[in-house]
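Undergrad: Okay, predicted coordinates and the sequence, questions at the end:
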Amino acid sequence: MRKLNTYFLIALLTVCFALPPIFAQRKDAKPRSNTAALITARGVNTIAAAQLRNYLSFIASDEMEGRDTPSRGLDTTAKFIAMNLERWGFKPAGDDGSFFQRIVLRRDLLDGAHSSAEINGQKFSFGEDFLPNPVPATITGPLVYAGHGWVVKSKSIDAYQGADVKDKIVVIYGEGFPKGVTRADLTGRMGEDWLSPVLYAQRHGAKAVLAIPDSAMLARWEQTRQLRATGGVGRPQVEKFMNQNGAPVPAIWLSTKMADALFQGEKYDAATLIARSKNGEQVEAFELSATKKVSFTIAAKTERPLTQNVVAVWQGSDPVLKNEYVAVGAHYDHIGICAPGTADPICNGADDDGSGTTAVLAMAEAISHAKERPRRSVLFVWHCGEEKGLWGSRYFTDYPTIPLDHIVTQLNIDMIGRSKKDGDTNPRNRDLSGPNQIYVIGSKMMSTELGELSEAVNKSYLNLQYDYRYDDPGDPNRFFFRSDHFNYARKGIPIIFFFDGVHEDYHRPGDEAQKIDYEKMEKVARTIYLTLWEVANRPHRPKVDKQLPPQLM
């Protein structure tokens with residue numbers, strides 16, 4: 001019944017949105033210098049607070065169940081977006097003449113009943129003695145101990161000096177970063193400048209990673225055992241990504257009992273390795289005895305659910321420039337049912353990133369109502385899986401449906417709907433932007449011309465307060481890495497990221513549609529929309545005159 005009701009709601013909303021709305025220019029949104037004729041010709045006034053509220057109330061409703069990737073709610077949202085794009089006359093730019101770029105995921109579900117392990121003939125039990133991740137494999141071979149197992153060049157850390165792990169089983173201690181290392185130290189390129197133990201194993205041909213438990217692992221052992229015993233660790237991944245760093249590698253937690261058996265008669269026993277590791281002492285990598293016979297059988301079944309990006313093109317008017325694209329995008333996913341068993345279990349993601357999803361949809365509607373077409377084409381992409389690790393934008397930029405080198409700029413919108421109210425002393429709202437303020441990130445990092453254009457458009461129109469505090473390679477929040485623009489920038493495409501700042505409801509059930517500042521959302525969306533037009537009508541694409549700082553590569 002819920003599925004039937006959801007599609008009925010889509011149909012009803014589509015009919016409602018098809019009615020000719022009357023949008024008024026409010027006093028607080030008057031442009032400063034652009035002529036009314038230009039505003040009208042480009043359909044700017046179509047983007048209005050009432051329209052944004054209607055769309056977002058649907059996209060962030062409980063019926064969408066938090067739009068997890070993958071999920072029924074995400075698929076329903078994608079169909080809603082595509083339905084409107086078709087109605088407005090957009091050209092599909094997904095797969096097979098559709099608006100959907102299909103992405104195959106892979107979910108491996110552990111079968112503990114058929115998983116087993118032995119050390120020199122001594123049998124060990126799944127759950128009690130070892131906890132593998134769900135990568136099906138039969139594992140035997142020589143072993144090498146590699147301490148914490150990390151390589152972090154910025155800190156001159158290499159746990160594998162003098163060791164060859166190819167076709168061997170790597171043994172490490174604990175999880176998380178080595179002592180004295182934080183996420184901020186993971187600079188440069190993943191896989192080159194820093195590697196986690198599993199990534200190192202993948203890149204260097206190791207057979208598996210065994211982990212001696214630290215206190216954090218032991219504290220979660222029973223919870224993890226119960227989860228893995230029911231097959232519940234089958235977190236989906238993008239299948240094409242899984243082999244980019246090498247074949248998936250089994251990672252197995254060992255109990256203290258099993259670790260003792262593994263290091264019995266070796267250069268160091270398990271207790272010594274644990275004690276030294278707790279003190280931050282890195283024991284040099286060493287091979288275990290060739291007489292040590294270890295075998296694991298990890299049983300799992302594989303599922304392949306689907307998800308999708310939503311991709312559309314509004315074709316430009318210039319016979320030459322229409323082959324280039326200004327890209328505008330947002331992620332339409334969120335984190336789903338995040339508080340099961342509570343009175344409000346759904347993280348609706350109204351601001352994150354229902355606000356961006358809705359703004360891009362409103363821009364699509366506006367450009368379809370404009371009395372003229374921009375010279376360049378406009379590429380609209382709603383990315384899935386941003387909350388899982390920028391899946392959708394990575395997939396689109398790795399497997400583009402249009403020539404990637406034809407994209408001249410990407411404008412990314414991720415959270416533009418919340419405002420800090422006067423007198424708000426909540427520390428979690430400390431860095432939330434105000435009603436006439438928005439954070440702008442990346443506009444000046446690659447292209448001086450793009451940064452100047454962005455500022456000129458804003459100053460000539462609504463003159464929002466553009467705050468550049470996070471436009472800094474050294475930003476400890478690492479916001480530049482945390483949204484979809486990053487994957488366009490890494491391909492050499494200049495970007496601008498618009499963001500309202502974290503707040504008390506970030507990734508919480510309280511991020512709901514009634515808390516959105518729709519007047520602010522209107523102003524920001526209109527300003528970005530006019531920026532899109534200016535880029536689209538320039539005779540030349542914005543010049544990339546700066547390399548991304550090394551910290552951002």
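TA: Great, that's in hand. Numbering: from 1, shown residues only.

Undergrad: Where does the prediction get shaky in the stretch 51-200 of the chain?
TA: Scanning the stretch 51-200 of the chain for pLDDT under 70 picks out nothing.

Undergrad: all strands of it, in order?
TA: 91-92, 100-110, 116-119, 122-124, 130-132, 137-140, 143-145, 151-152, 157-158, 169-173, 194-195 (DSSP state E, counting those that start in this stretch).

Undergrad: again with the stretch 201-350 of the chain
TA: Using DSSP E, counting those that start in this stretch, strands in the stretch 201-350 of the chain cover 208-212, 237-238, 251-254, 286-287, 294-298, 300-303, 306-314, 325-331.

Undergrad: quick one, which of those is nearest to Tyr529?
TA: strand 325-331 (8.3 Å; CB to CB). All C-beta atoms are positioned from the backbone trio N, CA, C, and that covers glycine.

Undergrad: And the average pLDDT for that closest one is what?
TA: Strand 325-331 shows a mean pLDDT of 98.

Undergrad: Run the chain-centre distance for it.
TA: 15 Å (CA atoms, centre = their mean, to the nearest Å).

Undergrad: so how far is Glu452 from Leu464?
TA: From Leu464 across to Glu452, the span is 16 Å (CB to CB, to the nearest Å).

Undergrad: one step back: could you look over the strands of the stretch 201-350 of the chain and pick the most buried one?
TA: strand 325-331 (a mean of 28; mean count of other CB atoms under 10 Å).

Undergrad: Paired strands for it, with orientation please.
TA: strand 377-383 (parallel), strand 407-413 (parallel) (DSSP bridges).

Undergrad: And the helices in the stretch 451-553 of the chain, which stretches?
TA: With DSSP state H, counting those that start in this stretch as the criterion, the stretch 451-553 of the chain has helices at 485-489, 518-537.

Undergrad: Any chance of TSV for those helices, columns mean neighbour count and mean pLDDT?
TA: Compiled in TSV, the helices of the stretch 451-553 of the chain are given as follows (neighbours: other CB atoms under 10 Å; pLDDT from 0 to 100):
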stretch	mean neighbour count	mean pLDDT
helix 485-489	25	97
helix 518-537	24	98
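
Undergrad: I'd like to know which of those lies nearest to Ala60.
TA: helix 518-537 (12.4 Å).

Undergrad: Now do the closest one: which elements does it pack against?
TA: When contacts are defined as 3 or more CB pairs under 8 Å, 6 or more residues apart in numbering; DSSP states H and E, helix 518-537 sits against helix 49-59, strand 325-331, helix 356-369, strand 377-383, strand 407-413, helix 448-460, strand 495-499.

Undergrad: repeat that with 6 Å
TA: Judged by 3 or more CB pairs under 6 Å, 6 or more residues apart in numbering; DSSP states H and E, the packing partners of helix 518-537 are helix 49-59, strand 325-331, helix 356-369, helix 448-460.

Undergrad: Just say which of those is most tucked in.
TA: strand 325-331 (a mean of 28).

Undergrad: List the contacts of that strand.
TA: With CB atoms under 6 Å, 6 or more residues apart in numbering as the test, strand 325-331 has contacts from 353, 356-357, 360, 376-381, 383, 386, 406-407, 409-413, 484, 532, 535-536.

Undergrad: Output it as CSV, restricted to C-alpha atoms.
TA: Only the C-alpha atoms of strand 325-331 are listed here, as CSV (Å, rounded to 0.1, in the frame of the first residue of the first chain):
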residue,chain,number,x,y,z
TYR,A,325,28.3,22.2,-21.2
VAL,A,326,27.9,24.1,-18.0
ALA,A,327,27.2,21.4,-15.4
VAL,A,328,25.1,22.0,-12.4
GLY,A,329,24.5,19.3,-9.8
ALA,A,330,23.5,18.1,-6.4
HIS,A,331,23.3,14.8,-4.6
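
Undergrad: Which positions in stretch 205-221 come out as buried?
TA: Ala206, Lys207, Ala208, Val209, Leu210, Ala211, Ile212, Pro213, Asp214, Met217, Trp221 (16 or more other CB atoms under 10 Å).

Undergrad: Please list the outside residues in contact with it.
TA: In contact with stretch 205-221 (CB under 6 Å, 6+ apart) are residues 139, 141, 165-166, 168-174, 197-198, 201, 250-254, 259.

Undergrad: How far off centre is that stretch?
TA: For stretch 205-221, the distance to the chain centre is 26 Å (CA atoms, centre = their mean).

Undergrad: Over to stretch 364-378?
TA: On CA atoms, centre = their mean, the centre of stretch 364-378 falls 28 Å from that of its chain.

Undergrad: Fine by me, we can end here.
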